[in-house]
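Enquirer: coordinates only, sequence not included:
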């Protein structure tokens with residue numbers, strides 16, 4: 001199975017982006033990483049393995065247009081069988097892709113999502129996220145979509161600017177409402193580096209300086 005992982009980024013912390021890329025390279029099942037630079041200076045990644053697409057402007061839609069461009073490259077240039085997503089400040093645990101693709105193959109699924117682990121900004125683990133449950137919320141970085149459902153990936157750019165931050169929820173609902181065979185794996189195999197005060201409140205510990213105070217429980221956004 002040919003798996004591509006799409007990561008958009010804009011002025012990302014290079015150490016975080018390096019960790020995201022390293023986590024793709026170290027997956028227990030092979031995957032090709034597609035980085036999409038959303039109009040900032042291209043990141044310099046030593047020993048980069050994959051495809052690096054550099055866009056000439058920032059689309060200001062929370063990475064949705066870059067994700068669709070990455071999907072297009074995966075489908076047309078790389079003949080992908082599955083497309084997963086990983087935001088640049090997150091990373092995969094080593095068996096993330098294997099666990100999702102094994103389940104999908106055994107039950108003929110078209111999309112799968114996993115739970116996630118919340119991590120502090122320094123990378124240390126905090127707790128399993130109580131919000132991402134595959135029903136009320138999913139996380140972009142926890143999703144993988146298989147070839148039979150690729151036609152739905154256009155949903156990354158169907159939302160207006162006012163709702164673009166919630167496109168992952170829209171895509172998941174669209175898949176479900178279309179009758180796609182889907183599943184949620186309630187085991188956290190994605191590390192989510194959180195800036196959101198609500199997560200620190202849930203863990204009953206103080207948040208970081210300049211924590212994001214607005215309510216955004218799934219929160220995998222960049223501007």
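Expert: Okay, I see it. This is a predicted model, so every value here is computed, not measured.

Enquirer: What ranges does the protein have for its strands?
Expert: Counting by DSSP state E, one finds strands in the chain at the ranges 3-9, 32-38, 50-55, 82-85, 91-92, 111-119, 125-128, 143-146, 182-193.

Enquirer: Output those as JSON lines; include the columns mean neighbour count and mean pLDDT.
Expert: (Glycine included, C-beta is placed from N, CA and C.) Conversion of the strands of the chain to JSON lines gives the following (neighbours: other CB atoms under 10 Å; pLDDT from 0 to 100):
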{"stretch": "strand 3-9", "mean neighbour count": "27", "mean pLDDT": "98"}
{"stretch": "strand 32-38", "mean neighbour count": "24", "mean pLDDT": "98"}
{"stretch": "strand 50-55", "mean neighbour count": "16", "mean pLDDT": "98"}
{"stretch": "strand 82-85", "mean neighbour count": "27", "mean pLDDT": "98"}
{"stretch": "strand 91-92", "mean neighbour count": "24", "mean pLDDT": "98"}
{"stretch": "strand 111-119", "mean neighbour count": "24", "mean pLDDT": "98"}
{"stretch": "strand 125-128", "mean neighbour count": "14", "mean pLDDT": "97"}
{"stretch": "strand 143-146", "mean neighbour count": "24", "mean pLDDT": "98"}
{"stretch": "strand 182-193", "mean neighbour count": "19", "mean pLDDT": "97"}
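
Enquirer: can you redo those as JSON lines with distance to residue 161?
Expert: Formatted as JSON lines, these follow (distance: least, CB to CB, whole Å):
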{"stretch": "strand 3-9", "distance to residue 161": "16"}
{"stretch": "strand 32-38", "distance to residue 161": "15"}
{"stretch": "strand 50-55", "distance to residue 161": "17"}
{"stretch": "strand 82-85", "distance to residue 161": "20"}
{"stretch": "strand 91-92", "distance to residue 161": "29"}
{"stretch": "strand 111-119", "distance to residue 161": "25"}
{"stretch": "strand 125-128", "distance to residue 161": "32"}
{"stretch": "strand 143-146", "distance to residue 161": "22"}
{"stretch": "strand 182-193", "distance to residue 161": "24"}
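
Enquirer: between those, which gets nearest to residue 16?
Expert: Among those, the nearest to residue 16 by CB to CB is strand 182-193 (6.8 Å).

Enquirer: close enough to count as contact, residue 165 and residue 63?
Expert: No - using CB atoms under 8 Å, residue 165 is not in contact with residue 63, being 9.8 Å away.

Enquirer: When those two are compared, which one has more neighbours?
Expert: residue 63 (31 against 20; other CB atoms under 10 Å).

Enquirer: In contact with the more buried one: list those residues for me.
Expert: 8-10, 38, 87, 222 (CB atoms under 8 Å, 6 or more residues apart in numbering).

Enquirer: roughly how far apart are the most centrally placed residue in the chain and residue 168?
Expert: Geometric centre of the chain, nearest residue: residue 141, 2.1 Å, by CA atoms, centre = their mean. Residue 141 is 9 Å from residue 168, where distance means CB to CB, to the nearest Å.

Enquirer: possible to save the contacts of residue 63 as a markdown table with distance to residue 176?
Expert: Supplementary listing: these in a markdown table, determined by distance: CB to CB, whole Å:
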| residue | distance to residue 176 |
| --- | --- |
| 8 | 24 |
| 9 | 28 |
| 10 | 29 |
| 38 | 28 |
| 87 | 22 |
| 222 | 26 |
